[in-house]
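In: this one's sequence-less:
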């Protein structure tokens, strides 16, 4: 049984409980909340309740505790499918399903190294570490677990990987194919999905939007002054799709004075009217397979089918359109990184520089020429 005691701290009755039977054997004390409204008896009762909860929940198996954690987690809904995938593929097959109080840092290090040895991508291993760290932090707070064994475990160093993008040949071919895919006026189910997917991809390619952001666009977001406002992100690949905040949790506005895109946008509105018999209202989605919100995963999967049909590189996907927009904006058009960062909705320009360092042209051409001239003069002087 736990040891429970109460004492006054700064004029408040504070309840403490401790357990000397844990793996570390140190009998760490857990402090119950302090409040001037609690009497000594109330503080003792609260400490006993917390201690009893610990004895029950700390004996839970890892899988049971993770089930409880997932009912209370605070991660964004868009991240839930990937975290559940991490649990299925990286946590449950490798970690024993034993009581959560029995895990220590050495267990986590051994698990991390086993994942690395099995040739799992470093980014995927780090995601698994983040998932498990969040879970054990919840166990510490909710169950009174002594500490988080994942907290001090180092992350795996990720090798630099260039963001994939369509090269000049694939870019020009893709542009033509997307425009061609939006040319058929048929209102059959197959053609509706084709046109919607092509317009979504065309919009992402021209403005660097994420798939969820494209799927959340409505007529309200496109102004008559040629401005686009990205306010929302469409989430819900595992449930009913609904509107949520953008990844950066802030709206952004930029010019959409792109004649090619504007022409396709006007044709897209006309197609909506021909398909449904009524004009698209202000708050309705621009991208829809059925007249309602369409999950980003469905649009992305449909684009992958078109990619294979059109013979585009297999390692590209819908998000490659966003990378392509950023790469050409920085490398070919030589736009300023801070402006590109704002259009992409990155948290800061450092994120843009890290992801697209391969696309940013060198700024030291004159310095290189000057050094070469100096070296030539010195060598000739000798």
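Out: Received, thanks. Please read these numbers as outputs of a predicted model, since none were measured by experiment.

In: What are the boundaries of the helices in the stretch 251-382 of the chain?
Out: Remark: helices assigned in the stretch 251-382 of the chain by DSSP state H, counting those that start in this stretch are 259-276, 296-310, 318-331, 337-344, 349-355, 365-381.

In: Tabulate those helices (CSV), appending mean neighbour count, distance to residue 286 and mean pLDDT.
Out: For the C-beta atoms, the positions are set from N, CA and C on the backbone; glycine is no exception. Formatted as CSV, the helices of the stretch 251-382 of the chain follow (neighbours: other CB atoms under 10 Å; distance: least, CB to CB, whole Å; pLDDT from 0 to 100):
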stretch, mean neighbour count, distance to residue 286, mean pLDDT
helix 259-276, 15, 7, 94
helix 296-310, 17, 11, 95
helix 318-331, 21, 16, 95
helix 337-344, 18, 19, 92
helix 349-355, 16, 26, 89
helix 365-381, 9, 43, 82
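
In: what would those look like in a markdown table with distance to residue 289?
Out: A markdown table is the format used below for those (distance: least, CB to CB, whole Å):
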| stretch | distance to residue 289 |
| --- | --- |
| helix 259-276 | 11 |
| helix 296-310 | 7 |
| helix 318-331 | 15 |
| helix 337-344 | 26 |
| helix 349-355 | 31 |
| helix 365-381 | 49 |
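
In: Which among these is found nearest to residue 208?
Out: Nearest to residue 208, of all these, is helix 318-331, at 3.7 Å by CB to CB.

In: between the helices of the stretch 251-382 of the chain, which gets nearest to residue 131?
Out: For residue 131, the closest of the helices of the stretch 251-382 of the chain is helix 296-310, at 20.2 Å, according to CB to CB.

In: now the closest one and helix 318-331, what's the angle there?
Out: Here helix 296-310 runs at an angle of 80 degrees relative to helix 318-331 (axes from the mean of the first three to the mean of the last three CA atoms, to 10 degrees).

In: low pLDDT regions in this protein?
Out: Scanning the chain for pLDDT under 70 picks out the ranges 1-38, 40, 43-44, 46-58, 74-78, 159-160, 235-242, 248, 363, 382.

In: where along it do the strands fall?
Out: 3-9, 12-18, 29-31, 227-230, 232-235, 242-245, 252-255 (DSSP state E).

In: got the domain boundaries for this protein?
Out: Domain segmentation of the chain under automatic domain parsing yields 3-57, 74-143, 168-355.

In: give me every residue that touches residue 140.
Out: The contact partners of residue 140, by CB atoms under 8 Å, 6 or more residues apart in numbering, come to 146, 147, 148.

In: can you tell me which of those lies nearest to residue 244?
Out: Among the contacts of residue 140, residue 148 lies closest to residue 244 (CB to CB), at 28.3 Å.

In: Give me the distance between residue 332 and residue 343.
Out: 15 Å (CB to CB, to the nearest Å).

In: Please apply the same query to residue 121.
Out: From residue 121 to residue 343 the distance is 28 Å (CB to CB).

In: now do residue 259
Out: Per CB to CB, residue 259 is found 18 Å from residue 343.

In: Touching stretch 97-108 from outside, list them.
Out: The contact list for stretch 97-108 (CB under 8 Å, 6+ apart) reads 22-24, 58-63, 65, 95, 129, 132, 136, 139, 143, 145-146, 149-150, 152-153.

In: Return the subset of these lying in helices.
Out: Among the contacts of stretch 97-108, the members found in helices (DSSP state H) are 62, 63, 65, 129, 132, 136, 139, 143.

In: what number of residues lie near the closest residue to the third one other than its chain neighbours?
Out: Once its chain neighbours are removed from consideration, residue 65 has its nearest residue in residue 100; the separation is 4.8 Å (CB to CB, 6 or more residues apart in numbering). Here the count is done by other CB atoms under 10 Å, and residue 100 has 22 residues near it.

In: middle-most residue in this protein, spatially?
Out: Note on the chain: the residue nearest the mean C-alpha position is residue 79, at 5.9 Å, using CA atoms, centre = their mean.

In: From residue 86, how far off is that one?
Out: Noted for residue 79: a distance of 10 Å to residue 86, by CB to CB.

In: wait, doesn't residue 170 sit right on residue 314?
Out: No. The criterion here is CB atoms under 8 Å, and residue 170 misses it with residue 314 at 11.9 Å.

In: And the two? Which one has more around it.
Out: The neighbour comparison of residue 170 against residue 314 (other CB under 10 Å) goes to residue 170, with 17 against 9.

In: Which residue is the nearest non-sequential neighbour of that one?
Out: residue 312 (5.9 Å).

In: Which among the domains of the chain is found nearest to residue 161?
Out: Minimum separation from residue 161 across the domains of the chain (CB to CB) falls at domain 74-143, 8.6 Å.

In: count of neighbours near residue 292?
Out: Counted with other CB under 10 Å, the neighbours of residue 292 add up to 10.

In: which phi and psi does it have?
Out: Residue 292 has phi and psi values of phi -120, psi -180 when expressed as degrees, to the nearest 10.

In: list the contacts for the closest residue to it other than its chain neighbours?
Out: Once flanking residues are discounted, residue 292 sits nearest to residue 285: 7.6 Å by CB to CB, 6+ apart. Residue 285 sits next to 215, 216, 217, 218, 234, 292, 293, 294 when contact means CB under 8 Å, 6+ apart.
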